[in-house]
Structure formats: C-alpha cells, structure tokens
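# what follows is a predicted protein model with its sequence.
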Amino acid sequence: MPEAAEIRIRQARTSDVAAIAALMVPLVERRILLGKDLVDLYGAVPEFLVAEDADGVVIGYGALHVMWEHLGEVRTLGVSEDWLGRGIGHRLLDALEQRALEFGLSQLFCLTFEVDFFGKHGFAPAGEDEQLVAIDVYAELLRSNDEGVAEFLDLARVKPNTLGNTRMLKGIGAARA
Ligand SMILES: CC(=O)SCCNC(=O)CCNC(=O)[C@H](O)C(C)(C)COP(=O)(O)OP(=O)(O)OC[C@H]1O[C@@H](n2cnc3c(N)ncnc32)[C@H](O)[C@@H]1OP(=O)(O)O
C-alpha cells in the first residue's frame, strides 16, 4: 500500500471535481454527506482542498464555507475508503482550519456523525437550544439560499437531512478555548 507520507494536500482545481463527485457518491447515498449538483461543486472549487497520492489521484477532499465575518463551516469532508484511518482526514481538517485562520475567522461549525473525529480536533457539540449567532446575524443568514446555511440555522425544511447529526463548534485563533 502507498505511504501516507506521500500524500499532498493542495487547493482543488476544476479538474478534480469529477473525482470528488465520484468519491462522494456512496456517502451521499448513505446520507452521510449532503449531495451536491456538479454545478454547485464547480462553484465551490475555491472552497475545496484535496488530498492527492503520489500519482496525483484524488483520495480526499474537504471544503471551508464562509458564513459570516467570524464564522465558517467545514463541509463535505471525506476520504477514499482505501485510505481511511491513515491520518488523511486529520491533515485535511488541519489545513482547512489553517485556511480559516487566514480568512480571519474565529469560529468553525460542522454538522456530522463523526463526533469523535471532530472532537479530537477541538470541536465540541453545541447545546440543544444554544443560540449560535446573534439575532441580527441570524436574520441575515436566513436570507441565504445555501442548504448548509439552512442546516446551520436548523430550519425545519432541512431537518430530514440533518437527522442524527451533531452540531459542533470550535473557537480558533484568539477565540480558541
Ligand atoms: C462536516 C463534515 O464534512 S461531516 C462529514 C464527515 N465525513 C464523513 O463522515 C464521510 C465518511 N468518513 C470519512 O471520510 C472519514 O472517516 C473522515 C473524513 C471522517 C476521517 O478521515 P480519516 O482519514 O479516516 O481520518 P484519520 O485517519 O485522520 O483519523 C481517523 C482515525 O484513524 C487513525 N489514524 C490516524 N492516522 C493514522 C495512521 N497514520 N495510521 C493508522 N491509523 C491512523 C486514528 O485512529 C484516527 O483516530 P484519531 O481520531 O484517534 O486520531
């Protein structure tokens, strides 16, 4: 099996979209990841990092979506089945967090079944009724058409997508706990 040390994390390119989409298929079918149309994946290319092996094959991916001045969401993080448990997910998440710091964010959100994995990265479950943003920011976020933002807001229309997931938060940079 190839060495995990040979894996490189880099900015995604448009030519990676087909590989990302193919890797996402089984996870979307199991409702682990939110499905995305190709047009949305292409639009989100600037948000994505990928992990590629020594031959340039994409074996992992993850995105950082900016929601507000201080707030971003880690979304669509996945690693190819052949590479699970070899540290690629952690490296992708570290790199997304580094990107979030460069953007000036101080809080990261994620919605996930992988509570232990994100917990090891300092994410903590948000309280059931915890108000995650100020009421005026909430009102602005309500104007978004983005499904992920709707999930962050826990809107009724996306509840079927989020059933069983845990809402998690992490302070980064100066806001680190
Ligand atoms: C916000 C969202 O995107 S939520 C959706 C999250 N994604 C999914 O649920 C999709 C399905 N799951 C996956 O794709 C993967 O399981 C991920 C992305 C969650 C984790 O990716 P992986 O590459 O398997 O994670 P990684 O290997 O870094 O860590 C998992 C465990 O593997 C083991 N591990 C880590 N590095 C190594 C290594 N070099 N060798 C052997 N085992 C290792 C550890 O036990 C680690 O556990 P830890 O948390 O105690 O460190």
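Structure received. Numbers count the residues shown, from 1 in each chain.
# would it be right to say that Leu49 lies in a strand?
Yes. Assessed by DSSP: H, G, I helix; E, B strand; the rest coil, Leu49 belongs to a strand.
# oh, and call the first residue 18 from now on, that's how I've got it
Got it, first residue is 18 now, which makes that one Leu66.
# from Leu109, how far off is it?
Leu66 is 6 Å from Leu109, where distance means C-beta to C-beta, to the nearest Å. Using the backbone N, CA and C atoms, a C-beta is placed for each residue, glycine as well.
# mutual contacts of the two, please.
Here Leu66 and Leu109 have Ile26, Tyr78, Gly79 as joint contacts, going by C-beta atoms under 8 Å, 6 or more residues apart in numbering.
# could you confirm the last one falls within a strand?
So the one you mean is Gly79. Yes. Gly79: assigned to a strand according to three-state DSSP.
# name the nearest residue to it, ignoring sequence neighbours.
In space, and not counting its chain neighbours, Gly79 is closest to Leu94: 3.7 Å by C-beta to C-beta, 6 or more residues apart in numbering.
# show me which residues of this structure are close to the ligand?
Proximity of the chain to the ligand (C-beta under 6 Å from any ligand atom) is limited to residues 21, 44, 49-50, 91-96, 101-107, 127-131, 134, 137.
# which among these count as buried?
Listed as buried from the residues of the chain next to the ligand are 44, 50, 91-96, 103, 105-106, 127-129, 131; burial here means 16 or more other C-beta atoms under 10 Å.
# confidence-wise, which of the residues you listed comes last?
When those are sorted by pLDDT, the bottom entry is Leu50 at 91.
# grab the longest helix from this structure for me.
The single longest helix within the chain, with elements called by DSSP state H, is helix 105-120.
# ok, residues contacting it?
21, 24, 26, 66, 68, 76-81, 83, 89, 91, 94, 96, 125, 134-135, 137-138, 187, 189-190.
# mind listing what's buried in it?
Ile105, Gly106, Arg108, Leu109, Leu110, Ala112, Leu113, Glu114, Arg116, Ala117.
# make a PyMOL selection of the buried ones in the contacts of helix 105-120.
In PyMOL, this line selects whichever of these come out buried by 16+ other C-beta under 10 Å:
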select buried, resi 24+26+66+68+76+77+78+79+80+81+89+91+94+96+125+135+138+187+189
